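[1] curious how this folds, go ahead:
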Amino acid sequence: MPYPLHIQIQIIVLVIVVAIICVYLVRHYLFTLNRLFGRQRYPYLDIDEADWPFVTVVVPCHNEEKVISRVLDALLDVDYPEHRLRVVPLDDRSTDRTAAIIADYSARHRHRIFGLHRKEGVAGKGAALEWAMNYIATDIVLIFDADYVPGIGLIKQLVAPFFDPEVGAVMGRVVPQNVHRRMITRLIDLERSGGYQVDQQARMNLGLVPQYGGTVGGVRRSALQSVGGWGSDSLAEDTDATFRLLLGGWKTVYQNRSECYEEVPEDWDARKHQVTRWARGHNQCLARYLRPLWMRPGVSWLEKVDGSLLLGIYAMPLMMIVGWAVALSLWFLGVNKAGLIIVLMVAIYSTLGNFATFYEVAAATHLDGTRHRARLIPFIAVGFLVTLFAVATGTLAQIISHDSRRPLRWQRTEKKGDGG
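    You can find the predicted model right below:
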């Protein structure tokens, strides 16, 4: 006897959820195997001597008095021709001492640092960057968040890919600098390693869609302007720029050995707010670009598949919770005729699907030459659960409240500013 309609619907939902989870499972394994055994692409790594172009480094700021001096000092020490490097700290309506600190640096280094102070307009990093483009003359624009510390050679490494006329954006590797503070910072460090050392580099190797991450990278200004400029109405201007550049025929390059150092959250509440913020912006881009991605003829089939999976990454936690709920519902409804199949689905879902990303982390510790960090991998489950429920609840609230229509405001994570 066939199941009632509501049970049939639940079975279909569970099958769809498990199928999507398995697609992500294959993706994570493919990336891990590629990084361990595949051909690695570092096409711009050896460019050291060149006719280096004029470059502007923008540092967007909103209430960053604790950290802004550190990044400006680091940018004053970078290995790049001084007369071709312009540093622009961009203060957007700070209420602390950020504006005063920027003014002081601009006065003391008047030929290298040129502060901008924005007093009105739509709030948010994307809107601030779009406004700043009116005051920037160079075609190559690099962006660093105020709590990031670039190494001496980083500017050249990020500029080198722009000698390729097809490149519209470049992204470097983010490395936490306050790793040894707490257990949470160690776990975030592992996640960052998996995400950059394996995930981003594998996409670069396979000719897929490396993501411009909004900091520790840069854009070709003319390329970005050709696709509409910065997304001033976007909650995630970096993901928005990645996909608009892709749809416009431009490539994003990932530079795995171009490291920059950040201060990561040191408590779970700050981490929860951070990933919820990322999820809101990413899901907004999912709604905007999934259909155009598949409709655009100039994008390769592999880029369409990978781009879709990249767009959907923050929708997965809510989908996982839905899958768990449906599986439990079917169990208590006594749907046992196909019990072995359901058990198999749940087993795949609960073990391989959820923990596939951990294989990327393990591979990253091996590639980094820091295998001792692998002892912490079992504890990533804690961070996974926090992320799962933070992103799922944030996504659900976003759907219910339509909060993407609300006026934008600056989104930032509180920093200590002591360098870790």
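
[2] strands along the stretch 1-150 of the chain, start to end?
    Here the stretch 1-150 of the chain has its strands, by DSSP state E, counting those that start in this stretch, at 55-61, 85-92, 116-118, 140-143, 148-150.

[3] can I get those strands in a markdown table including distance to Val198?
    To be clear about C-beta, it is placed using only N, CA and C from the backbone, and glycine gets the same treatment. Output for those, formatted as a markdown table (distance: least, CB to CB, whole Å):
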| stretch | distance to Val198 |
| --- | --- |
| strand 55-61 | 28 |
| strand 85-92 | 32 |
| strand 116-118 | 37 |
| strand 140-143 | 24 |
| strand 148-150 | 21 |
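
[4] tell me which of these sits most buried.
    Across the strands of the stretch 1-150 of the chain, averaging neighbours per residue (mean count of other CB atoms under 10 Å) puts strand 55-61 on top, at a mean of 25.

[5] so what strands line up beside that one?
    Taking DSSP bridges as the criterion, strand 55-61 sits next to strand 85-92 (parallel), strand 140-143 (parallel) in its sheet.

[6] show me how far the first one is from its chain's centre.
    Distance, stretch centre to chain centre, for strand 85-92: 22 Å (CA atoms, centre = their mean, to the nearest Å).

[7] quick one: low-confidence parts of the stretch 151-300 of the chain?
    Counting by pLDDT under 70, the stretch 151-300 of the chain contains no low-confidence segment.

[8] next one, pLDDT for the closest residue to Leu14 other than its chain neighbours please.
    By the measure of CB to CB, 6 or more residues apart in numbering, the closest residue to Leu14 outside its immediate chain neighbours is Val326, 4.7 Å from it. You'll see Val326 listed with a pLDDT of 83.

[9] likewise Phe355?
    Value for Phe355, per-residue pLDDT: 63.

[10] and for Leu352?
    Confidence score, pLDDT, at Leu352: 51.

[11] follow-up on the earlier one: how about the strands of the stretch 1-150 of the chain, which one is nearest Lys304?
    strand 140-143 (27.0 Å; CB to CB).

[12] who does the helix or strand that contains Tyr359 touch, helix- and strand-wise?
    In this structure, Tyr359 is located in helix 354-368 according to DSSP states H and E. Using 3 or more CB pairs under 8 Å, 6 or more residues apart in numbering; DSSP states H and E, the elements in contact with helix 354-368 are helix 5-37, helix 183-193, helix 380-401.

[13] now Val361: closest residue in space, sequence neighbours ignored.
    Here the residue nearest Val361, using CB to CB, 6+ apart, is Gly194, at 3.9 Å.

[14] I'd like the distance between that neighbour and Thr365.
    According to CB to CB, to the nearest Å, Gly194 and Thr365 sit 9 Å apart.

[15] these two: which has the busier surroundings?
    Gly194 (26 against 21; other CB atoms under 10 Å).

[16] which residues are in contact with the more buried one?
    Listed by CB atoms under 8 Å, 6 or more residues apart in numbering, the contact set of Gly194 reads Thr357, Phe358, Glu360, Val361, Ala363, Ala364.

[17] can we see that at 10 Å?
    28, 31-32, 35, 200, 357-365, 377, 380 (CB atoms under 10 Å, 6 or more residues apart in numbering).

[18] list just the nearest of the residues you listed to Asp267.
    Closest approach to Asp267 among the contacts of Gly194 (CB to CB): Ile380, at 17.2 Å.

[19] ok, the closest one - contacts?
    The contact partners of Ile380, taken as CB under 10 Å, 6+ apart, are Arg186, Leu187, Ile188, Leu190, Glu191, Gly194, Phe355, Thr357, Phe358, Val361, Ala362, Thr387.

[20] likewise for Gln255?
    By CB under 10 Å, 6+ apart, Gln255 lies in contact with 42-45, 154, 157-158, 160-161, 170-173, 200-201, 204, 210, 216-217.
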